[in-house]
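Engineer: I'd like to go over a predicted model; first the sequence, then the structure.
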Amino acid sequence: MLKQFINFPIELYKDCDKWVPSFEDDEYKSLGRENPSLAFCDRELFLAYKDGRIAGRIAAIINHKANEKWNEKTVRFGWFDVIEDFEVAKALVDKVVEWGRKWNPEKIKGPLGFTDMDREGLLVEGFENESPFTVLYNYPYYGEFLERMGFAKDADWTQRYVNFDDQLPPMMQYAELVEKRYGLKIYRASSLSQMARRGREMFHVLNDAFAPLYEYSKLSEEQIDGYVKQYVPVLNKDLVAFVVNEEDKLVAFTVTMPHISAGVRKAKGRILPFGWIHILPLLNPRRNHVAEGLLIGVLPEYQAKGAALLMFKYLHENYLRLGIKRLLLNPQLEDNHKVQSLFSGYDVHPYQRRRSYVKAL
């Protein structure tokens, strides 16, 4: 069943040139029983059939850690994909509610994953744009179906893109002042072991920076171990920025990478045996002039001290050297004004919008 669950969207979106699959291996790790999130989550997967064929899928999730932190009784749904049939969509959502009854939930929310590291948020604007491979894409009727079922907006993430000129923005002139006043500097990793060390610290910064944000639940050490092993080896050090203080403690980071959506779609999310042929050329920033922002985090006590300024200056200079002209930012909560304002000195444009829906039970 798991293979069918993972592969269903490939058929559903076969004629859509804006949708991008997840990496198949990542899906098996996320949805399989070895996912460390299952130490504090319960989950069940459901497939819907119509006329003998798969017509939809959905994951039902209880994140007990998040429910405790936010004082909620919530059942989540994620990995929601369905043909254009309201009855099928409703049957899938109803199944999530039925499954979650044992925990007496008061509301249902989604699309959400186990944690913020999973794809989340239903696409509601920007259907004409190709999605970065790290985020959800869906047909417009998904939102129409959920609203018809009585769901309403709970939170929105906006996604924007930044155009880079050949000149640094005027605000960059203050980078040296930030370094001197607060004892901050860019850390330049020169080896995989150094990247792994900072990668581990990065997720701890993420836990502190994201703690007050929508439905966030702290990543466990086991989860962090998995993410470091999974992602750090494929990062390009020129597209990642680490900021450390005088004690060599990581206080801020941002992770970007080349925009590889077209290659991932051609490979259907499979690196082997031949998917890498489509993806590998796009990993070279000198041949691919668009980058994706994956993560950004700043410790709360450094959010007003210019740490982000040092990161952006470092990345901007590297982008100019490598020929990168555009950055697709990661989805950012629309009411997270601190992160929204970080890019005020740049040429920023709207790209897509995603929404988490909620319904009382």
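Structural biologist: Right, received. Where do you want to start?
Engineer: where do the helices of this protein begin and end?
Structural biologist: 2-12, 24-31, 64-69, 86-100, 141-148, 175-182, 192-210, 221-231, 261-266, 276-279, 307-322, 337-340 (DSSP state H).
Engineer: can you tell me what sits against the fifth one?
Structural biologist: If you take CB atoms under 8 Å, 6 or more residues apart in numbering as the criterion, helix 141-148 is touched by 80, 82, 84, 86, 89-90, 93, 122-124, 355, 357. All C-beta spots, glycine's among them, are computed from the backbone N, C-alpha and C.
Engineer: nearest to K249, of these?
Structural biologist: K249 lies nearest to R355 out of the contacts of helix 141-148, by CB to CB, at 36.2 Å.
Engineer: OK, contacts around that closest one?
Structural biologist: R355 touches 121-122, 124, 143, 153-157, counting by CB under 8 Å, 6+ apart.
Engineer: so how far is L45 from it?
Structural biologist: To L45, R355 is 23 Å away according to CB to CB, to the nearest Å.
Engineer: repeat for E292
Structural biologist: For E292 relative to L45 (CB to CB), the value is 28 Å.
Engineer: which one's more surrounded, those two?
Structural biologist: Legend: neighbour count by other CB atoms under 10 Å for E292 and L45, higher for E292 (22 against 16).
Engineer: test my guess that the more buried one contacts T254.
Structural biologist: No. Contact criterion CB atoms under 8 Å: E292 and T254 do not qualify, at 11.5 Å.
Engineer: what's the average pLDDT for stretch 23-31?
Structural biologist: When pLDDT is averaged along stretch 23-31, the result is 94.
Engineer: low-scoring stretches of the stretch 151-300 of the chain, by residue?
Structural biologist: Judged against pLDDT under 70, the stretch 151-300 of the chain has no low-scoring part.
Engineer: next up, the contacts around S30.
Structural biologist: 37, 113-114, 118.
Engineer: next: N318.
Structural biologist: Applying CB under 8 Å, 6+ apart, the residues near N318 are 238-239, 324.
Engineer: who wins for neighbours among the contacts of R355?
Structural biologist: G121 (25 neighbours).
Engineer: mind checking how far the closest residue to that one other than its chain neighbours is from W103?
Structural biologist: Counting by CB to CB, 6 or more residues apart in numbering, G121 lies nearest to R354, which is 2.9 Å off, once chain neighbours are set aside. Counting by CB to CB, the gap from R354 to W103 is 26 Å.
Engineer: quick one, which of the two is more surrounded?
Structural biologist: Set R354 next to W103 and count neighbours by other CB under 10 Å: R354 wins out with 25 against 14.
Engineer: for the more buried one, give its distance to R160.
Structural biologist: Where R160 is concerned, R354 sits at a distance of 12 Å (CB to CB).
Engineer: buried stuff in stretch 186-196?
Structural biologist: Across stretch 186-196, burial judged by 16 or more other CB atoms under 10 Å covers 186-187, 189, 195-196.
Engineer: picking that back up, going by distance to P212, which of the contacts of R355 wins?
Structural biologist: Using CB to CB, the contacts of R355 come closest to P212 at A155, 13.0 Å.
Engineer: ok, longest strand in this protein?
Structural biologist: strand 347-360 (DSSP state E).
Engineer: now do that one: distance to the chain's middle.
Structural biologist: Remark: strand 347-360 is offset 13 Å from the chain centroid, using CA atoms, centre = their mean, to the nearest Å.
Engineer: equivalent analysis for stretch 164-184, please.
Structural biologist: For stretch 164-184, the separation from the chain centroid amounts to 28 Å (computed by CA atoms, centre = their mean).
Engineer: residues near N163, how many?
Structural biologist: For N163, the tally of surrounding residues (other CB under 10 Å) stands at 11.
Engineer: hmm, I typed the wrong one, I wanted M171.
Structural biologist: For M171, the neighbour count with other CB under 10 Å is 14.
Engineer: in space, what's closest to it - neighbours in sequence excluded?
Structural biologist: Nearest residue to M171, sequence neighbours excluded (CB to CB, 6+ apart): G345, at 4.4 Å.
Engineer: which one of the contacts of S30 has the most neighbours?
Structural biologist: F114 (26 neighbours).
Engineer: now do the contacts for A66.
Structural biologist: So A66 contacts 72, 74, 215-217 (CB under 8 Å, 6+ apart).
Engineer: partner residues bridging the closest residue to E44 other than its chain neighbours?
Structural biologist: Nearest residue to E44 in three dimensions, chain neighbours excluded: A60, at 4.8 Å (CB to CB, 6+ apart). A60 forms beta bridges with E44, F77, as assigned by DSSP bridges.
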